[in-house]
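*Asks:* here is my input, please return the structure:
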Amino acid sequence: MFVIIGFVIVLGAIIGGYLLEHGNLTVLLQPAELVIIGGAAFGTIFIGNPMHTVTAMFKSVLGALKGSKYSKAFYVEQLKLLNDIFVYARKNGMAKLEADLDEPAKSPVFQKYPQFLSDRHALDFFCDTVRMAISGGVGHMDLDQLMELDIEIQHHEGSEPCSALITVADALPGLGIVAAVLGVVITMGALGGPPEEIGHKVAAALVGTFLGILLCYGFLGPLANNISKQNEAHGQYMNMLRQAILAFIKGTAPSLAVEFARRAIPPHLRPGFKETEAAIKGGGAATAKAA
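*Replies:* Model prediction:
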């Protein structure tokens, strides 16, 4: 939502300032320039990236427009989930938990948290790691290194869409110059005609440069930065799960394992101790709404 608000502010400031200088908006409406710049930029995406990166980039853009899911209410729910799983394992035994990890979609514990089930990266990370701990023969340090490696790989993959979008954004000013040069070529062919026609063609050519720079620094560049921050937020979330899992497989009490997870949450999103305790004891829904 904030991305869309930002887009509106950028457009409003530019158009408002242009109108204050008594500019003519119709001059800026150059569909041909948009076709040249937008089409060429779209083509560079397919030239420079494999299909899975292209798909991930468009999904990341949609995710940025929707806004980040990582909020205090989100983390409250995740802490409640971790507590439920750890208490369930303590009461029923690790062997019973393994059956839930094998089919989390059918687990009565996981079914209460559809948002967690829908996140395949987090779900696989959690289930695979705990399953390995249950199977035995793997030390705490080895499991920690395994989780760290998984997080690093996920972070690298999550940064690919951002890098692809940055590449496109960096190319836009150059593509704007291409559109401007083509406009100059057309203008040169119209020399000798009416001055008004030549002036219109020169203005159209300059609009190409304007659009390329505007799309780069006003839209795609900041959008890529937003996607990068969302990738960082995902990494912080995965690290929170890592701390909880590591504490639990070391044999700490569920409440302490949850506290390890809470302390790993970024401060601006971290729920308070009493807030977390209230959620675990059954006030989670009310707490999440209040957040």
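
*Asks:* make it CA atoms for all contacts and neighbour counts henceforth
*Replies:* Noted.

*Asks:* and the longest helix for this structure?
*Replies:* With secondary structure taken from DSSP state H, the chain has its longest helix at helix 140-189.

*Asks:* average pLDDT across that helix?
*Replies:* For helix 140-189, mean pLDDT rounds to 91.

*Asks:* next: stretch 5-24.
*Replies:* On average, stretch 5-24 scores 91.

*Asks:* packing partners for the longest helix of the chain?
*Replies:* helix 31-48, helix 51-66, helix 120-135, helix 195-214, helix 221-249 (3 or more CA pairs under 8 Å, 6 or more residues apart in numbering; DSSP states H and E).

*Asks:* which of those sits closest to Ile280?
*Replies:* helix 221-249 (15.0 Å; CA to CA).

*Asks:* hmm, back to that, which of the helices and strands packed on helix 140-189 is buried the deepest?
*Replies:* Compared across the helices and strands packed on helix 140-189, helix 221-249 shows the largest average neighbour count, a mean of 21 (mean count of other CA atoms under 10 Å).

*Asks:* now the helix or strand following that helix: how far from the chain's centre is it?
*Replies:* Counting by DSSP states H and E, the element after helix 221-249 in chain order, helix or strand, is helix 254-263. Chain-centre distance of helix 254-263: 26 Å, with CA atoms, centre = their mean, to the nearest Å.

*Asks:* now helix 254-263: mean pLDDT?
*Replies:* Mean pLDDT, helix 254-263: 94.

*Asks:* and the angle for it with helix 221-249?
*Replies:* Between the axes of helix 254-263 and helix 221-249, defined by axes from the mean of the first three to the mean of the last three CA atoms, to 10 degrees, the angle is 160 degrees.

*Asks:* so what's the residue of the chain most remote from its centre scoring on pLDDT?
*Replies:* Centroid-distance maximum for the chain: Gly192 at 53.2 Å, with CA atoms, centre = their mean. On the pLDDT scale, Gly192 is placed at 71.

*Asks:* which SS class is it?
*Replies:* With DSSP: H, G, I helix; E, B strand; the rest coil as the basis, Gly192 sits in coil.

*Asks:* still on that earlier bit, closest to Ala180 out of the helices and strands packed on helix 140-189?
*Replies:* Among these, helix 195-214 comes nearest to Ala180, with 4.2 Å by CA to CA.

*Asks:* which strands and helices lie in contact with that closest one?
*Replies:* Helix 195-214 packs on helix 25-28, helix 31-48, helix 140-189, going by 3+ CA pairs under 8 Å, 6+ apart.

*Asks:* re earlier: contacting residues for the residue farthest from the centre of the chain?
*Replies:* With contact set as CA atoms under 8 Å, 6 or more residues apart in numbering, Gly192 has no partners.

*Asks:* any idea how far it is from Leu182?
*Replies:* Distance of Gly192 to Leu182, given as CA to CA, to the nearest Å: 18 Å.

*Asks:* sorry, back to before: next, the angle helix 120-135 makes with the longest helix of the chain.
*Replies:* With the same axes, to 10 degrees defining the directions, helix 140-189 sits at 160 degrees from helix 120-135.

*Asks:* now do helix 140-189 against helix 31-48, angle only.
*Replies:* 140 degrees.

*Asks:* relative to helix 195-214, how tilted is helix 140-189?
*Replies:* Using the same axes, to 10 degrees: helix 140-189 against helix 195-214 is 170 degrees.

*Asks:* angle of helix 140-189 against helix 51-66?
*Replies:* Going by the same axes, to 10 degrees, helix 140-189 makes 90 degrees with helix 51-66.

*Asks:* ok, back up a step: including distance to Glu277, could the helices and strands packed on helix 195-214 go into TSV?
*Replies:* Output for those, formatted as TSV (distance: least, CA to CA, whole Å):
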stretch	distance to Glu277
helix 25-28	57
helix 31-48	48
helix 140-189	27
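
*Asks:* return the most buried member of those helices.
*Replies:* helix 140-189 comes out most buried of the helices and strands packed on helix 195-214 by mean count of other CA under 10 Å, with a mean of 18.

*Asks:* tell me, how many residues neighbour Leu215?
*Replies:* 19 (other CA atoms under 10 Å).

*Asks:* I am finished for the moment; much appreciated.
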